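Asker: for reference, the sequence and a predicted model appear below.
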Amino acid sequence: MMNKLKNRIALIVGAGSGIGRAIAELYQTEGATVALADLNEESCTATIRGESSTHRVDVTSSESVEALVQAVIARYGRIDILVNSAGILNECSILEMSPKTFDDMLAVNLRGIFLTCRYVAPHMVEQKAGRIINIASQLALKGGVGMAHYTAAKAGVLGLTKSLALELAPHNVLSNVIAPGPIMTAMLGGVSEDWVREKEAALPLGRFGTVDEVAPTALLLASSPDGDLYLGQTLGPNSGDVM
């Protein structure tokens, strides 16, 4: 432990499982106080330490997201780091995809990130400091069979984050993306075993990553001076899937 995030307040959305949970655990180990938010608030309780807290949020609801941000500000007075890790994943051919399937994917994986950034950013601008870290996917850079809706949402995250970076940099708010490759999480339950098997075989590293191998990238981007020059960047812990 190096206390790289000592006295920092981090809001992690999607902290109940997977990458979000791993980031929450690492941030707390490094001294941060973390507001862990998830649709299933109970899934966050085992992760909290010290002054950290849990919150329920539905990222598809602007009212829910705004209430979350207000609650965190009321409790801690500021938000230094925002991590957007909430997401869903399922597999569907574009030939069979319904508009609702497409819309539901974007509602969580893209619009949800917009909403959290929209309500957190004014507070970061006011305090003249902040880090925004959005979790996307390497598929945003290369596409994927049966993943048109997921890829579109994650590509939107890249574009959104670059625009945030340009707008907010004058206020010392740094926005970046982590675009992991395939990671062993419960989200893989939304895709077929064939997809998983074929994807793993195609990776130069020959294996999927783990959440503990992604979390240090989020620590880098949140830390100072480690992450001070990263702005509008896409960092890819992806087993060589995108080079």
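Answerer: Looks like it arrived, so ask away. Numbers count the residues shown, from 1 in each chain.

Asker: closest to the centroid, which residue in the chain?
Answerer: residue 85 (2.6 Å; CA atoms, centre = their mean).

Asker: so what's that residue up against?
Answerer: Residues near residue 85 by CB atoms under 8 Å, 6 or more residues apart in numbering: 12-15, 18-20, 23, 135. Heads up, the C-betas are built off the backbone N, CA and C, glycines and all.

Asker: quick check: residue 174 vs residue 219, distance?
Answerer: The gap separating residue 174 from residue 219 is 14 Å, by CB to CB, to the nearest Å.

Asker: those two - which one has more neighbours?
Answerer: residue 174 (25 against 20; other CB atoms under 10 Å).

Asker: residue contacts, the more buried one?
Answerer: 130-132, 165, 168, 221, 227-228, 230-231.

Asker: which SS state does it fall under?
Answerer: strand (DSSP: H, G, I helix; E, B strand; the rest coil).

Asker: what bridges to it?
Answerer: Beta-bridge partners recorded for residue 174 (DSSP bridges): residue 131.

Asker: just for this structure, where's the confidence low?
Answerer: The chain contains residues with pLDDT under 70 at 1, 187, 190.

Asker: same list (the contacts of residue 85) but as CSV, adding neighbour count and secondary structure.
Answerer: Converted to CSV, the contacts of residue 85 look like this (neighbours: other CB atoms under 10 Å; DSSP: H, G, I helix; E, B strand; the rest coil):
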residue, neighbour count, secondary structure
12, 31, strand
13, 30, strand
14, 28, coil
15, 33, coil
18, 21, helix
19, 29, helix
20, 29, helix
23, 32, helix
135, 27, strand
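
Asker: which one of the residues you listed is nearest residue 194?
Answerer: Checking the contacts of residue 85 against residue 194 with CB to CB, the nearest one is residue 18 at 22.0 Å.
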